[in-house]
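> Give the three-dimensional model of this entry:
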Amino acid sequence: MTSAPRAGTSRTGTKGVPRAEREAQILEVALAELGRVGYAAASVAKIARGAGISKPMVYSYFGSKEGLYAACVELAGSVVADEVERSAALGAVGVERGLLTVAGLAEALDGRPHLWRVLFDPTAPRSGPAAEAAHRHTARLHERAVEGVGEMLRLAGDTDPADLDLMVRVWVGILDTVMRWWAEHPDEGGAAVVARAQRVAGALLDVR
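Next up, the predicted model:
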């Protein structure tokens, strides 16, 4: 007679797990691994072991390593872009809008800041479904950046297109740096990241 599973033990790797649940398990493990080492260095075999399943089962769900990555980009991109658009809709301007964006992302990505690195992976395929998904979501982010920075410059009386292009690149670079720093320090909670960003921004704005 077999004993019943102990409380808290995982059913990962057992039969009878619903497809949606299994897929979610694989994606969470894959997101963490892709965010840690990048697409080029990621191992499907290691992801399979982390999810408690076989490598062929990963392929049965996603078709290929790129198919798995494309699904991860779709998930990560939706989380990030949806949150940036939500923050933008709050109506804040300038530095306040920037800090609200950081705060929103800190809440949305708390516990998994690696999603940002999955979306912006320099080792990822340059064409195909994964690249198309990444482009679609990053285009949403770029549109909000142009909108927010453009509004800030117009209020300051600056309508120079080159200034807009430069400042959009500055803002995107700052946000990317904050999010990558967080991914490198995963023990830092979302609230701590927001507080750190506020302190840094306050110090920069207070420079005489």
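> How about L115, nearest residue that isn't a chain neighbour?
Distances taken as Cβ to Cβ, 6 or more residues apart in numbering place A76 nearest to L115, at 4.0 Å, with adjacent residues excluded. C-betas here are computed from N, CA, C, even on glycine.
> From A191, how far off is the one you found?
Between A76 and A191 the computed distance is 21 Å (Cβ to Cβ, to the nearest Å).
> residues in contact with A145?
By Cβ atoms under 8 Å, 6 or more residues apart in numbering, the contact list for A145 reads V168, W171, V172.
> confidence score at it?
Looking at A145, its pLDDT reads 96.
> where's it relative to V102, distance?
Using Cβ to Cβ, A145 is found at 13 Å from V102.
> ditto for V118
19 Å.
> List the contacts of the closest residue to A134 other than its chain neighbours.
With sequence-adjacent residues excluded and distances taken as Cβ to Cβ, 6+ apart, A134 is closest to V73, at 5.1 Å. Shown in contact with V73 (Cβ under 8 Å, 6+ apart): V118, L119, A124, A130, A133, A134, H137.
> quick one: which of those sit in helices?
Within those, residues falling in helices by DSSP state H are V118, L119, A130, A133, A134, H137.
> Report how many residues lie close to the first one.
Neighbour count of V118, defined by other Cβ atoms under 10 Å: 29.
> OK, contacts around it?
Contacts of V118 (Cβ under 8 Å, 6+ apart): L31, L34, G35, C72, V73, A76.
> CA-only coordinates of whichever strand or helix holds the fourth one in PDB, if you can.
Assigned by DSSP states H and E, C72 belongs to helix 65-88. Output of helix 65-88 as PDB, limited to C-alpha atoms (Å, rounded to 0.1, in the frame of the first residue of the first chain):
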ATOM      1  CA  LYS A  65      13.800  26.200 -27.600                       C
ATOM      2  CA  GLU A  66      12.800  29.300 -29.600                       C
ATOM      3  CA  GLY A  67       9.100  28.400 -29.300                       C
ATOM      4  CA  LEU A  68       9.600  28.300 -25.500                       C
ATOM      5  CA  TYR A  69      11.400  31.600 -25.600                       C
ATOM      6  CA  ALA A  70       8.700  33.200 -27.700                       C
ATOM      7  CA  ALA A  71       6.100  32.200 -25.100                       C
ATOM      8  CA  CYS A  72       8.300  33.600 -22.400                       C
ATOM      9  CA  VAL A  73       8.700  36.900 -24.300                       C
ATOM     10  CA  GLU A  74       5.000  37.100 -24.800                       C
ATOM     11  CA  LEU A  75       4.300  36.700 -21.100                       C
ATOM     12  CA  ALA A  76       7.100  39.000 -20.000                       C
ATOM     13  CA  GLY A  77       6.300  41.600 -22.600                       C
ATOM     14  CA  SER A  78       2.600  41.700 -21.700                       C
ATOM     15  CA  VAL A  79       3.300  42.100 -18.000                       C
ATOM     16  CA  VAL A  80       5.900  44.900 -18.600                       C
ATOM     17  CA  ALA A  81       4.000  46.800 -21.300                       C
ATOM     18  CA  ASP A  82       0.600  46.500 -19.700                       C
ATOM     19  CA  GLU A  83       2.000  48.000 -16.500                       C
ATOM     20  CA  VAL A  84       3.800  50.900 -18.200                       C
ATOM     21  CA  GLU A  85       0.600  51.800 -20.100                       C
ATOM     22  CA  ARG A  86      -1.300  51.600 -16.800                       C
ATOM     23  CA  SER A  87       1.100  54.000 -15.100                       C
ATOM     24  CA  ALA A  88       1.100  56.300 -18.100                       C
END
